[in-house]
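Colleague: Give the three-dimensional model of this entry:
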Amino acid sequence: FCAHFSKINNMSQVNIVNVVMPQSVAQPFNSPIKFEIFFEALQPLKHSITWRIVYIGQASNPVFDQVLEEAEMDCVQPGQMTFEFCGNAPDPSRLPPNDIVGVTAILLTCSYKDTEEFLRIGYYVNVEYDNPEMNEQPPEHPIIDRLVRHILVDKPRVTKFQIDWDEQSNVMDQHQQQ
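Modeller: So this is what the prediction gives:
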């Protein structure tokens, strides 16, 4: 299952070429979340980039969002790179019980210098029980072992942000003028 990106670029020094979710679309709620990420750095970066997998715990309150995994990497030379990025399942004890079942989202984000987010890819997620009877008559308290997570992998929402890339464009312009 994959979503193809036509080299997402908006004056960025890092282009996402493709993101693949190799696991089945429907997974037990407590299973890990995996991505295969293909990207390219257009030139060496002075600072690292930080990838995060974020589970949205409640749409109206970010305090319930959970960072499932975070990875920092250097891009000291230009070129294409790929890696598998795996995060733990969300911790249900940190989620509002009324928001565990239903629609939410998983975000894959990338930031420069740890804080300057330049890319966000969002996937809608539907969490429901593994049988129709439980979905029609849900238990009073969620039964986590019976929950299934359906990720809408073929319709990601991609958001790009302009950031300061250390004035690298100015440095390149100066070298080209010499």
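Colleague: Could you list which residues are in contact with the spatially most central residue of the chain?
Modeller: The chain has Leu108 as the residue nearest its centroid, 1.0 Å off, counting by C-alpha atoms, centre = their mean. The contact partners of Leu108, taken as C-beta atoms under 8 Å, 6 or more residues apart in numbering, are 19, 35, 37, 51-54, 85, 120-123. In short, each C-beta sits where N, CA and C put it, glycine included.
Colleague: Pretty sure Glu128 sits against Pro142.
Modeller: No: taking contacts as C-beta atoms under 8 Å, Glu128 lies outside contact range of Pro142: 10.7 Å.
Colleague: which neighbours do the two share?
Modeller: Val101.
Colleague: Which stretches in the chain count as strands?
Modeller: Here the chain has its strands, by DSSP state E, at 2-8, 14-20, 26-28, 33-41, 49-55, 66-73, 79-87, 102-112, 116-129, 147-151, 157-160.
Colleague: what is the rounded mean pLDDT of the third one?
Modeller: Across strand 26-28, pLDDT averages out at 92.
Colleague: Repeat that for the last one.
Modeller: The pLDDT scores in strand 157-160 average 93.
Colleague: Walk me through which strands that strand pairs with, and which way each runs.
Modeller: Next to strand 157-160 in the sheet, as set by DSSP bridges, lie strand 116-129 (antiparallel).
Colleague: The strand it pairs with vs strand 33-41, what angle?
Modeller: 160 degrees (axes from the mean of the first three to the mean of the last three C-alpha atoms, to 10 degrees).
Colleague: any idea of the angle strand 116-129 forms with strand 147-151?
Modeller: 130 degrees.
Colleague: Give the buried residues for strand 116-129.
Modeller: Across strand 116-129, burial judged by 16 or more other C-beta atoms under 10 Å covers 116-125, 127-129.
Colleague: chain center to it: distance?
Modeller: Distance of strand 116-129 from its chain centroid, counting by C-alpha atoms, centre = their mean, to the nearest Å, is 6 Å.
Colleague: okay, now Ala89: neighbour count?
Modeller: When counting by other C-beta atoms under 10 Å, one arrives at 17 neighbours for Ala89.
Colleague: before we move on, what about Thr115?
Modeller: 8.
Colleague: No further questions, thank you.
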